[in-house]
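Participant: coords below, sequence missing:
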């Protein structure tokens, strides 16, 4: 069975395992809006648990926008969850404000001891496109050139080369003539999860936006999963992609989490027109890698808003990833 709510749409999701159960956190909005395109600015975060990534128990809402005025009083969008050495959980999320009409995105931070009741650290704001490295980003809204000031979807993980932490996020680089060639994977570092230093992007190009990045390692290779839409392929990338531009999930490859990163050769990992699955995550289970994401459009183009059952992901000898649809789980 898929993860579905009777009265709400579900879209972007992220996962954590507490040693016993899987926890999924997701964006949700009421179907009473009628038009699913209105969901983005009428959003809260939901929480569910599972033993097998298939059968879920919905626990309800776990984070909502702050009371106004605040930097995140409009939306609390996609993020990630990690556990520190003391066993405390940390949520990093995207926020926007009503004062900015939701056009400027920033990264927030909240903590929890039970993975459901989250408390913002201070006012919640932990990272913005400011400081010396901000010149490497489209730090101000390029009105008429791109639809927002992108800084969202933080993915936080331990630094495998040290004692600190790494953050990746959706961003854009400045001064690139083709809008669809300016997408970037932003980067920041921290010693303690509390104080973050903005660094230059670890990757730029190929797409106008590279949403919901997730960095992970398999053997000696590093991968950065991301999602994008057919209309956000650069001209060069659309030509280079077998079958042309699609909407869905693809990935970068590198020998180090700091790069250099390259767009994986070969077919797009998990895409279609209309899009079948978006904002995917790849999780490691006892049975291997599994890809999770929300069902976007059906054959008639109608938004579905449920999280699909996991599909296996195979790593080929050359390091490329392949999704093997689990026809048995779909039955």
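Facilitator: Nice, thanks for sending it over. As the structure is a prediction and not an experimental result, all values here were calculated from the model.
Participant: need the helices for the protein, in chain order.
Facilitator: Here the chain has its helices, by DSSP state H, at 235-240, 327-330.
Participant: quick one: buried residues of the longest one?
Facilitator: The reference is to helix 235-240. Judged by neighbour count using 16 or more other Cβ atoms under 10 Å, the buried positions of helix 235-240 are 237, 238. For glycine as for every other residue, the C-beta is placed from the backbone atoms N, C-alpha and C.
Participant: what's that helix packed up against?
Facilitator: Judged by 3 or more Cβ pairs under 8 Å, 6 or more residues apart in numbering; DSSP states H and E, helix 235-240 is in contact with no other helix or strand.
Participant: could you give the average pLDDT over it?
Facilitator: In this model, helix 235-240 carries a mean pLDDT of 98.
Participant: ditto for the last one
Facilitator: Averaged over helix 327-330, pLDDT sits at 56.
Participant: what about residue 126, distance to residue 32?
Facilitator: Remark: distance between residue 126 and residue 32 (Cβ to Cβ, to the nearest Å) = 33 Å.
Participant: which residues touch the spatially closest residue to residue 220 that is not a sequence neighbour?
Facilitator: Spatial nearest neighbour of residue 220, excluding adjacent residues (Cβ to Cβ, 6 or more residues apart in numbering): residue 255 at 7.3 Å. Residue 255 makes contact with 220, 221, 222, according to Cβ atoms under 8 Å, 6 or more residues apart in numbering.
Participant: tell me the one of those nearest residue 174?
Facilitator: Nearest to residue 174 among the contacts of residue 255: residue 222, at 26.1 Å, using Cβ to Cβ.
Participant: ok, that closest one touching residue 257?
Facilitator: Yes: checked against Cβ atoms under 8 Å, the pair residue 222 and residue 257 is within contact range at 5.3 Å.
Participant: common neighbours of the two, please.
Facilitator: Joint contacts of residue 222 and residue 257 (Cβ under 8 Å, 6+ apart) are residue 215.
Participant: which residue is nearest the middle of the chain?
Facilitator: When Cα atoms, centre = their mean is applied to the chain, the residue found nearest the centroid is residue 212 (2.1 Å).
Participant: from residue 163, how far off is it?
Facilitator: From residue 212 over to residue 163 the distance is 27 Å, taken as Cβ to Cβ.
Participant: do the same with residue 84
Facilitator: For residue 84, the distance to residue 163 - Cβ to Cβ - is 12 Å.
Participant: so for the two, which residue has more residues nearby?
Facilitator: residue 84 (14 against 9; other Cβ atoms under 10 Å).
Participant: circling back: ok, residue 126 and residue 32, which is more surrounded?
Facilitator: Shown here are residue 126 and residue 32; by other Cβ under 10 Å, residue 126 has more neighbours (25 against 8).
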